[in-house]
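[1] Structure of the sequence below:
(one chain, ligands or ions: 1)
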Amino acid sequence: TKTINLKNRPAGKPDLKDFDFTTSEISELQEGEVLLNSKYVSVDPYLRGRMSDAPSYIPPFELNKPIVSGIIAEVVESKNSNFSKGDHVSGMLEWKETQTAKGDGLLKVDPDKASLSAYLGILGMTGLTAYLGLTEIGKPKKGETLLVSGAAGAVGSVVGQIGKILGLRVVGIAGTDEKVELLKSKFGFDEGINYNTTKNMSEAIAKACPDGVDVYFDNVGGDISEAVLFNINKFSRTINCGAISVYNNTELPKSISVQPFLVKKSSSMQGFVVFDYADKHPAGIKQLTEWLNQDKLSYSETIVEGFENIPQAFLDLFDGKNKGKMVVKL
Ligand code: NDP
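    Below you'll find the model as predicted:
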């Protein structure tokens, strides 16, 4: 079966040359296993971290072994009583067209309740990241101002909408005018800032957030997040969810020290990894499903077609080619 392996550990920005297209044998189906055909493959910025061997919260990918990410697959044969032929499942699976997998770790998903790809986004890992990061760490209160970076992406677009559901004023930062427009027209953000065309981000944030920033949901880190520091309010909370602007850096960026800003404002900053909140995932999915069914949440997806385009779709995340969740349809 067609397989994509990690060929090199990228230095700096990853490249198509870091991936290897091969074919591999499909192992014989054992008791307790299912045979799966991949349908939708999730590409995510955090995979960049696993391509390097620096210690992190999940182990690095091994060289010359398949890359693993969230995948929605169809069961084509089953030796596991929990799954039948024709079922759809989501799981952390290998970048292969067909593979065998143990039943544990697979979750059945219902194509009649939502589109299959939605289980990789709004009803999957990125939806949970938005909901749990914002509520558990951000502790948002009605009337406060929420600022979201990476706002037009999979996580950010959901964060902003949840902020609106909870009664906050919501401002988003994104990389194109088209995305800023989408934030306001589709996702209900009150204001948007295009960081690529804005010379003075700190001033632009002050203008868009006249009452200051109470909750900052940070998906990008770097210079954008520094500019936010000049605008944080007393007792504000920052959710350090991601730092895509520095994932490809070969040296740690020289940053201003955040400490004086936090001290002056009794402000807090906390890292957040969605996998550390596994006990809250079922309740989170329930809430997201409810809001989706009530049309309180909507979502965008950028769907790329074809197994061979998985690596390029991943690379395109770093050039902002996606609106909402980037997925590859096989
Ligand atoms: P997105 O859908 O947001 O895709 C990435 C987006 O990042 C791009 O569309 C682009 O939008 C933006 N971007 C790329 N490069 C830069 C840059 N140099 N500066 C600013 N923005 C940039 O991805 P996700 O929603 O999946 O992930 C968003 C963040 O959340 C990532 O940092 C990711 O690592 C993190 N994350 C963390 C999790 C956790 O548990 N902590 C779980 C899931 C995600 P634009 O056009 O606006 O530049």
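[2] from here on, contacts and neighbour counts on C-alpha atoms
    Noted.
[3] What are the structural domain limits within this structure?
    2-121+300-329, 125-275 (automatic domain parsing).
[4] Packed most tightly, which of those domains would that be?
    Comparing the domains of the chain by mean neighbour count (mean count of other C-alpha atoms under 10 Å), domain 125-275 ranks first with a mean of 20.
[5] ok, now which ones touch A283?
    For A283, no contacting residues are found, by C-alpha atoms under 8 Å, 6 or more residues apart in numbering.
[6] Write out the residues of the stretch 1-150 of the chain neighbouring the ligand.
    By C-alpha under 6 Å from any ligand atom, the residues of the stretch 1-150 of the chain that approach the ligand are 44-46, 126, 129, 150.
[7] could you dump the domains of the chain to TSV with mean pLDDT?
    Output for the domains of the chain, formatted as TSV (pLDDT from 0 to 100):
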stretch	mean pLDDT
domain 2-121+300-329	97
domain 125-275	97
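[8] Out of those domains, flag the one nearest G284.
    Nearest to G284, of all these, is domain 125-275, at 6.1 Å by C-alpha to C-alpha.
[9] to the chain's geometric centre, what's the distance from the closest one?
    The chain centre lies 14 Å from the centre of domain 125-275; the measure is C-alpha atoms, centre = their mean, to the nearest Å.
[10] now the residue lying closest to K96 once chain neighbours are set aside: how far from the ligand?
    Of all residues not flanking K96 in the chain, T3 sits nearest, at 4.4 Å (C-alpha to C-alpha, 6 or more residues apart in numbering). Separation of T3 from the ligand (C-alpha to the nearest ligand atom, to the nearest Å) stands at 23 Å.
[11] same deal with F83?
    28 Å.
[12] Please give me every residue in contact with that residue.
    Applying C-alpha under 8 Å, 6+ apart, the residues contacting F83 are 34, 75, 103.
[13] secondary structure element for Q99?
    strand 98-102 (DSSP states H and E).
[14] Break down the stretch 51-200 of the chain into its helices, ranges please.
    Ranges of helices in the stretch 51-200 of the chain, per DSSP state H, counting those that start in this stretch, are 125-132, 154-165, 177-185.
[15] for the shortest one, packing partners?
    Helices and strands touching helix 125-132, by 3 or more C-alpha pairs under 8 Å, 6 or more residues apart in numbering; DSSP states H and E, are helix 154-165, helix 281-293.
[16] Same list (those helices) but as TSV, adding distance to S52.
    Shown next, in TSV, are the helices and strands packed on helix 125-132 (distance: least, C-alpha to C-alpha, whole Å):
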stretch	distance to S52
helix 154-165	23
helix 281-293	28
